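Novice: requesting a structural model of the entry that follows:
(3 chains)
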Amino acid sequence: MIGLDTALVRKVVSNGERLDGRMKDEYRDVSVKTNIVSSAEGSARVSIGNTMVIAGVKMGIVEPYPDSLDEGTLMVAVEFIPFADPLFEPGPPNVESIEVARVVDRAIRESKAIDTKKLCIKEGEKVWSVSVDIDVINNDGNLIDASSIAAVAALATAKFPLVDENGKVVWGKKTDKSLPVNGLPLCTTFVKINGTTLLDPTAAEFAALDARLTIGTLDDGKLCALQKNGMGGLTLDEIDQMVAAAEEKAEEIRGKIRAAL
Amino acid sequence: MSEEFDRKVVIPGEELGEGIASYNAYEEGGKVFSRVVGLSEKRGNAFLVIPLSGVYNPKKGDGVIGKISEVSFSKWVVDINSPYQSVLPLNEAVEEFVDLTKTDLTKFFNYGDMVFAEITSVSKNKNIQLSMHDRKCRKLREGRLIKVVPAKVPRIIGKNGSMVEMIKKLTGTQIVVGQNGIVWIKGENEVVATEAILTVERMSQSHGLTDYIKNMLEDKLGVKSEDIIQEGEKYGEERDAL
Amino acid sequence: MEKNGTRFDGRKHDELRPMEAKVGVLKNADGSAMFRLGNTYAIAGVYGPREVHPKHDENAGKAILRVRYNMAAFSTKERSRPGPSRRSQEISMVTQQALSSVVFLEEFPKAAIDVFIEVIEADASTRCVGLNAAALALADAGIPMKGLVSSCSAGKVNGSVVLDVAGEEDTEGELDLPVAYYPKKDTITLLQMDGLTDRKEMRKIIELAISGCKKISEVQQKALMEKYAGGSNDRA
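Specialist: Numbering: from 1, shown residues only, chains lettered A, B, ... in the order given. Here you go, the predicted model:
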C-alpha cells in the first residue's frame, strides 16, 4: 500500500529525524473545541495534526449495579468511522477500537476525576449514567491521546439534563448544573522505533512501531493508567523516562483544554 | 498556466452547450452536460471537462510511479494506487534474455521496489500494462513517496516543468512526478520539498503560486536560488548513474 | 405548534431551516462533505473507485455503490446504541438506490464506491441531510454523475402541510415524507412516507418537498463552487 511505508519511517528515525520534521518529543498541533453538538449533554472536537475525533457525553437515569448501589455509572465507547481511514471496515468494533476505549476509560475511572458517588440520586434505586461516545473522524495516528483529550473536554463541559417532577429526564433540555469533574486525566502515547522513543505517533509511525506505551496522568502528577503494546520490549529506564515526559506533555495539553472550557 | 483560470468551473449535471460529448461529459436530449467537478473546455464541436479531483484514470503513454506488490513467474504486479491491477511483464522490463528456469525474478525487481514506468496499454476492463523500456523509466532508490490528487499533477509540474524544477533546485532534491498522483522525492531537504509540493496541491488554484512557493522555500531554507544550483548539479550526476 | 401561520420556531409553512454545506472536510477520504439543516448535521465520506473486498461482491460489468448510514450515539436526545439498527439499514438501502440512479457505475467495472454517512446531530430529516452530504462527497471524490441529488422532507403538523418538519413537529406531527429529487430530469429518486393521507394531499406534500429540494440544490452547488472555484462565482 503506497503511503504507509514502514521501512522509510524506520530509516528516517535511524537518522535521528521524523518524516514530518518534528522533534522526538514534540506534539503535533492540538486543537480543542467544546459544545459542538447540541444533542449531547457535553461534547468536544479534538484534532492532533490530521487526526480528528468527536466526543459526546450522554446522561440518563438508570438503576445502579448491585455491587455499587450508591454510585452512578460511567462508560466510554469508541467507534472507528469507516471514512476515517481507507483501511477501516464497517462492522462491530475491532480490538483496536476496543483498546482505545478501554484505556481512555481506565484513565478517567481510576483517576476518580468523576466521583461516581456524586451521581447517586436515590441509593439502590436511581443513579445517573454517564456515557462518553467517541467517533474517530479522521485517522493519522495517536487515537488514544486524541480520544482521551476529547472525552475529558466533553466531560468537563457537560451539564446535567433537566429532570421533571416525575423524575423523568426531559431530553434536549439542559440545566446549568455541571457534571462534577475533578481534574483532567489525560493519556500520553509514545512509540519506540529502532531504539528511538517518539511522542505522538502519526499513522505511519504507528505502523512502524516496535513498542508503544500510553501513560495516563492527572493534574497533580499522579499516574492513573499504563498500557504497553507492540511486540518489542521496553527497559525500566525507558519507561521511567517516558512517564516523566508524559507528566510534562500532558500538562501542556491540559492548558489547551482549560482554554477551551 | 494562465488559461486554467479563464476556464469555467463546472459541476456534475451542469449544461455545457450543444455539440458532442467528449472526455467527462455526456449527452442528453441534444445537449452536453458535465459528469464531474472540473474545468470545461470546448475543442471544435466537442465539450470536455478536465476533472479537478478523483482517482487516477490510467491512460496509455502516462508515466506512473508504483511499488512492486507481487513477483510472479514471468511478470510483476505493480501497485500504482489504482483500483485496477497494473502488470509489468518480463519482456517489458528487462532487455536481456532471461532463463526462467534458472532465474529468480526478484533479481531485477523485488517486493517494495519503487519504479517509474510507462503505461503501454489499458484494456476495456481497465487492466493496465506497463513497460520500463522508455529512457525515462527506472528503479527509484531510497527517497520517499507521497500521494497527491492526480488532478493536481499538472499544477505541481508547472508549465514546461517550471514549478517542480524550481522546487528541485531550491531544495536540492530529486523529484519525479507520476501522472497517477504519486511523487518521489529524494535528497537532503525531503521534508521541505514535501511541504512545498503539498502546498502547491492545496493552493493549486491561486494566482502567483510560483512566487509564493519560491518565497516560502527561500524563507525555510534561508538561502537564495543562485546558491542552490551548485548542490542540484551534484544530485544530477548521481541520477545519471542509475 | 402551528398558530397564526407560524411554526414553533417562527418559520412559515414553506420555509426550510437555516442550512450550511462544506465540501472537503476529511483528509483521508477521497471525497467528503458536511451538510447542516437546523440542528441536524451529518458528515459523508467517500472512498472509490477502489478494489472490492470481499471479492465475491464485485460486479464484472460495473462498479458497486455501497452506502452505510449510521447515527453517532450522541447524535440523538436519548443515547442511541452503537451499531446498525433495522432503521439505519433501511436508510442505507434507500440512500444507495437514490444515489446509484445518477452515478455512472459502468465507468468502473469490478470496483467499489463506498459512501459512509455519519449523523453527528439529529433533529429530523437525518436521511435527507445524509443524502445531501453524500451527493457532495461523491462529486468531491470525482465520481462521474449525471447530476446532484438533493433531499428534504415535508409533512403534516396540526392538519397543515409544512416543509422540513423539525423538533416537536417530528414527534407530534401526523405525517413525514422525505424525498430525494434530481432536478435535471424532474424525477424523484427517494420517496418514503410515515402517516395517513389521500392522493390529493400527497401531491401537495410532494410538490412542497420538491420546492425545498430545489433550494437545497442551490446550497450544494454553492458549496462545490466554494471549494473548487475559490469561493468566487465566475458565472454570469
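Novice: contacts, neighbours, all on C-alpha from now
Specialist: Fine.
Novice: residues of chain C that sit close to chain A?
Specialist: By C-alpha under 8 Å from any C-alpha of the partner chain, the residues of chain C that approach chain A are C:26-29, C:39, C:44-47, C:68, C:72-79, C:83, C:116, C:118, C:120-122.
Novice: okay, and which of those map to helices?
Specialist: Applying DSSP state H to these, no entry is found in helices.
Novice: least confident secondary structure element in chain C?
Specialist: Sorted by mean pLDDT, DSSP states H and E, the helices and strands of chain C end with helix C:168-172, the least confident at a mean of 86.
Novice: for that one, packing partners?
Specialist: On a contact count with 3 or more C-alpha pairs under 8 Å, 6 or more residues apart in numbering or on different chains; DSSP states H and E, helix C:168-172 meets no helix or strand.
Novice: tell me which residues of it come out buried.
Specialist: C:169-170 (16 or more other C-alpha atoms under 10 Å in any protein chain shown).
Novice: contact partners of the following helix or strand past that helix?
Specialist: Next in sequence after helix C:168-172, counting helices and strands by DSSP states H and E, comes strand C:175-182. Strand C:175-182 is contacted by residues C:98, C:125, C:128, C:147-157, C:165, C:170, C:187-196, C:205-206, C:209-210, C:213 when judged by C-alpha atoms under 8 Å, 6 or more residues apart in numbering or on different chains.
Novice: what lines up beside strand C:175-182 in the sheet?
Specialist: strand C:150-157 (antiparallel), strand C:187-191 (antiparallel), strand C:194-195 (antiparallel) (DSSP bridges).
Novice: low-confidence ranges, chain B, go.
Specialist: B:1-6, B:223-242 (pLDDT under 70).
Novice: go again with 50.
Specialist: B:1-5, B:228-242 (pLDDT under 50).
Novice: hey, where'd the helices end up in it?
Specialist: Counting by DSSP H, the helices of chain B are B:2-6, B:90-93, B:153-157, B:162-171, B:190-202, B:209-221, B:225-240.
Novice: geometrically speaking, which residue is the centre of chain A?
Specialist: residue A:148 (1.5 Å; C-alpha atoms, centre = their mean).
Novice: how close does residue B:53 get to residue B:41?
Specialist: 16 Å (C-alpha to C-alpha, to the nearest Å).
Novice: when the two are compared, which one has more neighbours?
Specialist: residue B:53 (21 against 17; other C-alpha atoms under 10 Å in any protein chain shown).
Novice: from residue C:6, how far off is that one?
Specialist: 44 Å.
Novice: domain assignment for chain B?
Specialist: B:2-51, B:63-140, B:144-240 (automatic domain parsing).
Novice: chain center to the first one: distance?
Specialist: What that stands for is domain B:2-51. 23 Å (C-alpha atoms, centre = their mean, to the nearest Å).
Novice: what of the longest one?
Specialist: Taking C-alpha atoms, centre = their mean, one finds the center of domain B:144-240 at 13 Å from the center of the full chain.
Novice: what of stretch B:71-89?
Specialist: 17 Å.
Novice: then stretch A:93-104?
Specialist: With C-alpha atoms, centre = their mean, you get 10 Å for stretch A:93-104.
Novice: and that stretch, C-alpha only, in PDB?
Specialist: Provided in PDB are the C-alpha atoms of stretch A:93-104 (Å, rounded to 0.1, in the frame of the first residue of the first chain):
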ATOM      1  CA  PRO A  93     -15.800  -2.700  17.000                       C
ATOM      2  CA  ASN A  94     -12.500  -4.300  16.300                       C
ATOM      3  CA  VAL A  95      -9.900  -4.900  19.000                       C
ATOM      4  CA  GLU A  96      -8.000  -1.700  18.200                       C
ATOM      5  CA  SER A  97     -11.100   0.500  18.800                       C
ATOM      6  CA  ILE A  98     -11.900  -1.500  21.900                       C
ATOM      7  CA  GLU A  99      -8.400  -1.000  23.300                       C
ATOM      8  CA  VAL A 100      -8.700   2.800  22.700                       C
ATOM      9  CA  ALA A 101     -12.000   2.900  24.600                       C
ATOM     10  CA  ARG A 102     -10.800   0.800  27.500                       C
ATOM     11  CA  VAL A 103      -7.500   2.700  28.000                       C
ATOM     12  CA  VAL A 104      -9.300   6.100  27.900                       C
END
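Novice: returning to that earlier point: so can I have TSV of the domains of chain B showing distance to chain C?
Specialist: Output for the domains of chain B, formatted as TSV (distance: least, C-alpha to the nearest C-alpha, whole Å):
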stretch	distance to chain C
domain B:2-51	4
domain B:63-140	4
domain B:144-240	7
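Novice: count the residues that sit near the residue in chain B positioned nearest to chain A.
Specialist: Closest residue of chain B to chain A, C-alpha to the nearest C-alpha: residue B:191 (6.2 Å). For residue B:191, the count of nearby residues is 18 (other C-alpha under 10 Å).
Novice: got it, and residue B:49?
Specialist: 25.
Novice: got phi/psi on residue C:126?
Specialist: Dihedral angles of residue C:126 (phi, psi; degrees, to the nearest 10) stand at phi -70, psi -40.
Novice: test my guess that it contacts residue C:40.
Specialist: Yes: Residue C:126 is within contact range of residue C:40, at 6.4 Å (criterion: C-alpha atoms under 8 Å).
Novice: common neighbours of these two, please.
Specialist: With C-alpha under 8 Å, 6+ apart as the test, residue C:126 and residue C:40 both reach residue C:119.
Novice: excluding its backbone neighbours, what's nearest the residue of the stretch 101-250 of chain A found nearest chain B?
Specialist: In the stretch 101-250 of chain A, no residue comes nearer to chain B than residue A:204, which is 12.0 Å away by C-alpha to the nearest C-alpha. Leaving aside its sequence neighbours, residue A:204 sits nearest to residue A:4 (C-alpha to C-alpha, 6 or more residues apart in numbering or on different chains; 5.2 Å).
Novice: could you measure from the one you found over to chain C?
Specialist: 13 Å (C-alpha to the nearest C-alpha, to the nearest Å).
Novice: again, but for residue A:192
Specialist: 25 Å.
Novice: what pairs with the helix or strand that that residue is a member of, parallel or antiparallel?
Specialist: If you go by DSSP H and E, residue A:192 is part of strand A:186-193. With DSSP bridges as the criterion, the sheet partners recorded for strand A:186-193 are strand A:196-199 (antiparallel), strand A:211-217 (antiparallel).
Novice: of all those, which one comes closest to residue A:179?
Specialist: strand A:211-217 (20.5 Å; C-alpha to C-alpha).
Novice: could I have the CA atoms of the following helix or strand past that closest one written out in PDB?
Specialist: Moving toward the C-terminus from strand A:211-217, the next helix or strand (DSSP H and E) is strand A:223-229. C-alpha atoms of strand A:223-229 as PDB (Å, rounded to 0.1, in the frame of the first residue of the first chain):
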ATOM      1  CA  LEU A 223      -0.400   8.100  37.400                       C
ATOM      2  CA  CYS A 224      -3.800   6.700  36.500                       C
ATOM      3  CA  ALA A 225      -3.100   4.300  33.600                       C
ATOM      4  CA  LEU A 226      -0.400   2.400  31.900                       C
ATOM      5  CA  GLN A 227      -0.700   0.400  28.700                       C
ATOM      6  CA  LYS A 228       2.100  -1.200  26.700                       C
ATOM      7  CA  ASN A 229       1.500  -2.500  23.200                       C
END
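Novice: which other helices and strands contact strand A:223-229?
Specialist: Packed next to strand A:223-229, using 3+ C-alpha pairs under 8 Å, 6+ apart, are helix A:95-111, strand A:211-217.
Novice: for the chain, which helix is longest?
Specialist: As the question left the chain open, I've gone with chain A. Secondary structure assigned by DSSP H gives helix A:236-260 as the longest helix of chain A.
Novice: oops, chain C please
Specialist: Chain C, longest helix under DSSP H: helix C:199-228.
Novice: sorry, back to before: how far is the strand holding residue A:192 from where the chain is centred?
Specialist: 12 Å.
Novice: and what of stretch A:190-198?
Specialist: 21 Å.
Novice: what of stretch A:157-167?
Specialist: With C-alpha atoms, centre = their mean, you get 26 Å for stretch A:157-167.
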